[in-house]
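Trainee: Show me how the following folds:
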Amino acid sequence: MHAFAGFLMLIVFGLFRASFPAEKPHLVVVVSLDQFRYDYLPRFSPYFGNGGFNLFLKQGANFVNCHYLHSVNKTGPGHAVIMSGTYANTNGIITNNWFDVESSRQMYCVQDEASPIVGAKKNEPRSPKNFIGSTVGDQLKDSNAGQSKVISVSNKDRSAILMGGKLADAAYWMIDSLFVSSTYYMADLPAWVKKFNASGKVTAYFGKLWERARPEADYARQGPDDVAAEEDDAGLGRTFPHRVDGGAETITAAFIDAFETTPFSSEVLAEFAMQALVQEKLGQRGVTDILCIGFSANDRIGHAFGPGSHEVMDITIRTDRLLEKLFAFIDEKVGLRNCAIVLTADHGVAPMPEALRAQNANASAGRIDKKIFREAAEKALTEKFGSPQSAKEWILAHQDAYLYLNPAALREKGVEAAAAEQVVKNALQRLPAIHSVYTHTQLQSAQVDGDHGKKALHSFHPMRTGNIFYQLRPFYFDRKFGSTHGEPWNYDGHVPMLWYSPGIKPGTYYQQVSVADIAPTLAAMLQIEFPAASQGRVLYELFE
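Mentor: Below you'll find the model as predicted:
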């Protein structure tokens, strides 16, 4: 009986293995669109060409119900999930910035004092040191003694670094008008990167107008172009056309800010990615390579103008055209038949409260001043335990949605951290903008309920999470202008997951999946070990 069962398992396993493409792709391309909600695809699909998003929507696989299963939907945590299949409770990237109690200073998610910048004079040392675990790229290189190349490029450092992983041949990102890296990857920039930087690709956009890609009438369903809550970022103004000069007659830092808040920065990044493909001969060397591309302009534009803006519609249309150009180039150099391409996003974005209240003045939505949380915590702790004298304050730091208790104040008053945490939790729960509050002690013991509690656990790391973590009610956030993201709600966590590859079953998939499923699925396609502690599953339904 046992022998028969074992024989049956071997047959099933053999069929499952045979369902994967017989030939490994020559090139894996992973595209991340920073701050790109899933609903942008159906909303703007009438304006898409044939070879951009429609490469996936008409010839590939579209998972319409893809979500992040963590609470902190921000750039660092999102990009840490994409190629590792792990959440912050495993990989440690709880948010973009957290407070390091031991050193008593803020820690950036890809900060590493031992890895200075290569290619620019700014002192912004960067590496994947703070990331715990491995990525698909790491496992691929480990599988063949480093013969594969893994190149990751983005406008943002954290996007490039966290997708690339710890064994990447290179991660490149932008500082001012230059593509740079760090000594973690290389001692000096390759000649082709230096040549690209010297070409003046960025500065050539000085004074250029960002105008609508289509007739103005097509944008009318987005509402008015001029909305008071939009942000006038770097002199761009709130309405089309936007002149990219930083409000000055010569190139200044404000010009760089303006440039980064336009589709032009995506154009330059795409050119750089195509150069990387050519110069590194990716997918053309008889071994599988990986190219990760993180487009960041969508995020800057969404923050400034909000998801209902003419600007977000325009960057989406232009991104479609840019993807079509990129994929045509890849087809020419490598052949799409030899590629596996995945497109997703690191997070979504909240609608602007003003837009909701314009439809109904009684809509529950608003902007808040985050200082009310720290003030409420200080007041409650002082009323309960008295005011600390030498330590001065009960709260050592307030970073994002985390409050860190002051260890000196706890010692001075002889108060256990768990008791102080509960006092703060009780106080914050009474605030109108709060949905849920969790203590470090509570998360450490996994004493949570419901989906939002589970998402809080996925965003918890015992060495980095503060003593108190809170989630805001839907449609509330702490930004004065424009919009933002970072909460567990669908508008922040529902993102595209699009696949194109020979050997997969094209179509629309409605089952719920997670971004964490990308990494193990790619690993299965490449027949390599899964990333360490991967929390996703193989999307077996993709394969013939």
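Trainee: what does the host helix or strand of Lys195 rub up against?
Mentor: Using DSSP states H and E, Lys195 sits within helix 191-198. The contact list for helix 191-198 (CB atoms under 8 Å, 6 or more residues apart in numbering) reads 119, 172, 177-179, 181, 189, 271-272, 275, 279. All C-beta atoms are positioned from the backbone trio N, CA, C, and that covers glycine.
Trainee: So for that helix, what gets flagged as buried?
Mentor: Across helix 191-198, burial judged by 16 or more other CB atoms under 10 Å covers 193, 196-197.
Trainee: same check, this time on stretch 242-250
Mentor: 242, 244-246.
Trainee: How about stretch 114-121?
Mentor: Neighbour counts over stretch 114-121 (16+ other CB under 10 Å) mark 115-120 as buried.
Trainee: Show me the strands in the stretch 401-544 of the chain, by range?
Mentor: Ranges of strands in the stretch 401-544 of the chain, per DSSP state E, counting those that start in this stretch, are 402-405, 434-439, 468-472, 476-477, 497-500, 507-509, 513-514.
Trainee: Of all the ones you listed, which one comes closest to Ile93?
Mentor: Among the strands of the stretch 401-544 of the chain, strand 402-405 comes nearest to Ile93, with 13.6 Å by CB to CB.
Trainee: about what we covered before: the buried residues of stretch 242-250 in strands, which ones?
Mentor: 242, 244 (DSSP state E).
Trainee: Just send the strands of the stretch 401-544 of the chain back as TSV, with mean neighbour count, distance to Asn54 and mean pLDDT too.
Mentor: Output for those, formatted as TSV (neighbours: other CB atoms under 10 Å; distance: least, CB to CB, whole Å; pLDDT from 0 to 100):
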stretch	mean neighbour count	distance to Asn54	mean pLDDT
strand 402-405	24	41	98
strand 434-439	21	38	98
strand 468-472	24	36	98
strand 476-477	20	33	98
strand 497-500	22	10	98
strand 507-509	13	13	98
strand 513-514	22	21	98
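Trainee: Please list all residues in contact with Ala418.
Mentor: 439, 441.
Trainee: pLDDT on stretch 243-253, on average?
Mentor: Here stretch 243-253 scores 95 as its mean pLDDT.
Trainee: As a markdown table, the buried residues of stretch 114-121 with pLDDT would be great.
Mentor: Formatted as a markdown table, those follow (pLDDT from 0 to 100):
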| residue | pLDDT |
| --- | --- |
| Ser115 | 98 |
| Pro116 | 98 |
| Ile117 | 98 |
| Val118 | 98 |
| Gly119 | 97 |
| Ala120 | 96 |
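Trainee: Rebuild the residues you listed as CSV, extending it with secondary structure and distance to Ser103.
Mentor: Below are the buried residues of stretch 114-121 laid out as CSV (DSSP: H, G, I helix; E, B strand; the rest coil; distance: CB to CB, whole Å):
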residue, secondary structure, distance to Ser103
Ser115, coil, 17
Pro116, coil, 19
Ile117, strand, 21
Val118, strand, 25
Gly119, coil, 27
Ala120, coil, 25
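Trainee: Can you give the domain ranges for this structure?
Mentor: Per automatic domain parsing, the structural domains of the chain span 16-354+490-542, 369-432+434-472.
Trainee: Just checking, which helix or strand of the protein averages the lowest pLDDT?
Mentor: Using mean pLDDT, DSSP states H and E, helix 2-18 stands out as the lowest-scoring helix or strand of the chain, at a mean of 42.
Trainee: And the top helix by length along the chain, what does it pack against?
Mentor: Across the chain, the longest stretch assigned as helix under DSSP state H is helix 310-333. Helices and strands touching helix 310-333, by 3 or more CB pairs under 8 Å, 6 or more residues apart in numbering; DSSP states H and E, are strand 27-33, helix 40-44, helix 53-59, helix 264-279, helix 297-305, strand 339-345.
Trainee: helices and strands around the second one, which ones?
Mentor: Helices and strands touching helix 40-44, as assessed by 3+ CB pairs under 8 Å, 6+ apart, comprise helix 310-333.
Trainee: mean confidence for the helix it packs on?
Mentor: For helix 310-333, the per-residue pLDDT values average out at 98.
Trainee: Off-centre distance for it?
Mentor: Put simply, helix 310-333 sits 19 Å off its chain's centre (CA atoms, centre = their mean, to the nearest Å).
Trainee: List the buried residues in it.
Mentor: For helix 310-333, a neighbour-count test (16+ other CB under 10 Å) marks 310-327, 329-330, 333 as buried.
Trainee: and it with strand 27-33, angle?
Mentor: Counting by axes from the mean of the first three to the mean of the last three CA atoms, to 10 degrees, helix 310-333 points 170 degrees away from the direction of strand 27-33.
Trainee: For the nearest residue in space to Val268 that is not next to it in sequence, give me its contacts.
Mentor: Nearest residue to Val268 in three dimensions, chain neighbours excluded: Lys201, at 5.0 Å (CB to CB, 6 or more residues apart in numbering). For Lys201, the contact set (CB under 8 Å, 6+ apart) comprises 177, 268, 271.
Trainee: Out of those, which end up buried?
Mentor: Using 16+ other CB under 10 Å, the buried members of the contacts of Lys201 are 177, 268, 271.
Trainee: What distance do you get for the last one to Ser199?
Mentor: Relative to Ser199, Glu271 is positioned 9 Å away (CB to CB, to the nearest Å).
Trainee: now swap in Lys129 and tell me
Mentor: 32 Å.
Trainee: okay, the two: which has more neighbours?
Mentor: Lys129 (16 against 12; other CB atoms under 10 Å).
Trainee: quick one: that one and Ser115 touch, right?
Mentor: Yes: taking contacts as CB atoms under 8 Å, Lys129 lies within contact range of Ser115: 7.3 Å.
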